[in-house]
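**Student:** A structural model of the following input is requested.
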Amino acid sequence: MDKQKQLSNFLNKIIQGDSIKKLKNLQEESIDLIFADPPYNLQLKKDLFRPNLTKVNGVDDNWDKFSSFKEYDSFLTAWLKECKRVLKPTGSLWVIGSYHNIFRVGTVLQDLGFWILNDIIWIKTNPMPNFRGVRFNNAHETLIWVGKSEKAKVTFNYKTMKSFNEDKQMRSDWLLPICSGKERLKDKNGNKAHSTQKPEELLRRVILSSSKEGDVVLDPFFGSGTTGAVAKMLNRHFIGFEKEKKYVDMARKRIKNIKAYDKQLTFQIQEAPKPKIPFGQLVGNEIKAGEKLYSKNKNIRAKVMADGTLKNGKYSGSIHRVSAKMLNQESHNGWTFWHVERRGKLISIDKYRERYFRNTMSNE
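**Tutor:** Numbers count the residues shown, from 1 in each chain. Sure thing, here's the model as predicted:
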């Protein structure tokens, strides 16, 4: 597309305008991570008041109003289609919403061919109460995390996220307060400057989990600028599209005052890549020729050959080829599939790869 510009023209900028139109200006497969907090289409019919008769300052902005579900679905399809075009094969997209819209978002995502990786439940420690007392207190929002396709190998910093859960596998329920206190931006009258400002901690988890230092993070509904602020802190680039001028001005002022962390701090939280060691290199060192390798439940097994290949009754080849054939798949990661038995316990051969790498490095 002739109108598309070099990515450098957009980096670390907040661009005012309609997100669907602005997305068309981005180059194909140029973005590493997208976080989207689109209009929720709350369908509010009338004002809401607290028991003391003061009005609730909820979401009643014009940008959240659509004439019908059909119009809203067309809106979702238009911007999500563009997001898929600009996303890198290794990139991923996060969309946050409430019960008003998240199910429609999920349908459109699947219709467009995105692959759902997780849904994350943000449990609010201090949610707004249901003042009328006719429903449960709505104390959470849902984030849907997707890749471009089922086979997309998205960036996921698994080890980094374990640090958020006492070095255990990070869970899909995140307990966090809503944005409040000094972090909440206020207008000149002391009211909320933006009705749906998200807490920085929420974006910190999103960005740390699925991007690397120097990556480009796009937010097509930039609002008060939380995505850009956190991206800048963590030494990522950001691009923000925002229709409302008052929010553009607010976000620019906010981000201008943000200081990035020292790069040594953000570098240390990057995911360490797996050592590139051929399986055959382990044979004769950590694993012996003639030994049997097993799947985790021991219902699949193969014998280790002297040249580092595996063989069973049907197939022979690399650790990856044999596991793929046994599972009737085109490809498979043999390092995580195969185990060796030691003292009655099955141990992943991936553990031996890491140990061999450490021992080799220490001897150099």
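**Student:** now do residue 10 against residue 21, distance only.
**Tutor:** According to CB to CB, to the nearest Å, residue 10 and residue 21 sit 14 Å apart. Just so you know, the C-beta spots here come from the backbone N, C-alpha and C atoms, and that holds for glycine as well.
**Student:** ditto for residue 288
**Tutor:** Residue 288 sits 63 Å away from residue 21, taking CB to CB as the criterion.
**Student:** next one: residue 140
**Tutor:** Applying CB to CB, the value for residue 140 to residue 21 is 33 Å.
**Student:** quick one: low-confidence residue ranges for this protein.
**Tutor:** Applying pLDDT under 70 to the chain flags residues 1-3, 43-65, 131-132, 267-270, 272-275, 360-364.
**Student:** and residue 10 and residue 21? which has more neighbours close in?
**Tutor:** Neighbours were counted for residue 10 and for residue 21 using other CB atoms under 10 Å; residue 10 has more, 23 against 14.
**Student:** ok, now which ones touch the residue lying closest to residue 18 once chain neighbours are set aside?
**Tutor:** Among residues not flanking residue 18 along the chain, residue 243 sits closest, at 5.8 Å (CB to CB, 6 or more residues apart in numbering). Residues counted as contacts of residue 243 (CB atoms under 8 Å, 6 or more residues apart in numbering) are 16, 17, 18, 19, 63.
**Student:** neighbours of the third one, just the number please.
**Tutor:** In other words, residue 18. For residue 18, the count of nearby residues is 14 (other CB under 10 Å).
**Student:** next, give phi and psi for it.
**Tutor:** Phi and psi for residue 18, reported as degrees, to the nearest 10, are phi -70, psi 130.
**Student:** contacting residues for the residue lying closest to residue 278 once chain neighbours are set aside?
**Tutor:** For residue 278, ignoring the flanking residues on the chain, the nearest one in space by CB to CB, 6+ apart is residue 308 at 6.5 Å. Residues near residue 308 by CB under 8 Å, 6+ apart: 278, 279, 280, 281, 282, 283, 318.
**Student:** buried among the residues you listed? Make that a ChimeraX selection.
**Tutor:** Entered in ChimeraX, the line below selects the buried ones among the contacts of residue 308, by 16 or more other CB atoms under 10 Å:
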select :279,280,282,283
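**Student:** ok, which stretches of the stretch 51-200 of the chain are strands?
**Tutor:** Listed in chain order, the strands found in the stretch 51-200 of the chain under DSSP state E, counting those that start in this stretch are 87-97, 115-124, 140-147, 173-176.
**Student:** quick one: the ones you listed as JSON lines, columns for distance to residue 36 and mean neighbour count too.
**Tutor:** Shown next, in JSON lines, are those (distance: least, CB to CB, whole Å; neighbours: other CB atoms under 10 Å):
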{"stretch": "strand 87-97", "distance to residue 36": "5", "mean neighbour count": "22"}
{"stretch": "strand 115-124", "distance to residue 36": "14", "mean neighbour count": "16"}
{"stretch": "strand 140-147", "distance to residue 36": "10", "mean neighbour count": "22"}
{"stretch": "strand 173-176", "distance to residue 36": "17", "mean neighbour count": "14"}
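**Student:** quick one: which of the contacts of residue 308 sit in helices?
**Tutor:** 279, 280, 281, 282 (DSSP state H).
**Student:** tell me the one of these nearest residue 326?
**Tutor:** Checking the ones in helices among the contacts of residue 308 against residue 326 with CB to CB, the nearest one is residue 279 at 15.9 Å.
**Student:** roughly how far apart are the closest one and residue 171?
**Tutor:** Per CB to CB, residue 279 is found 33 Å from residue 171.
**Student:** next one: residue 162
**Tutor:** From residue 162 across to residue 171, the span is 11 Å (CB to CB).
**Student:** what do those two both touch?
**Tutor:** In the contact map built from CB under 8 Å, 6+ apart, no residue is linked to both residue 162 and residue 171.
**Student:** sweet, I'm off.
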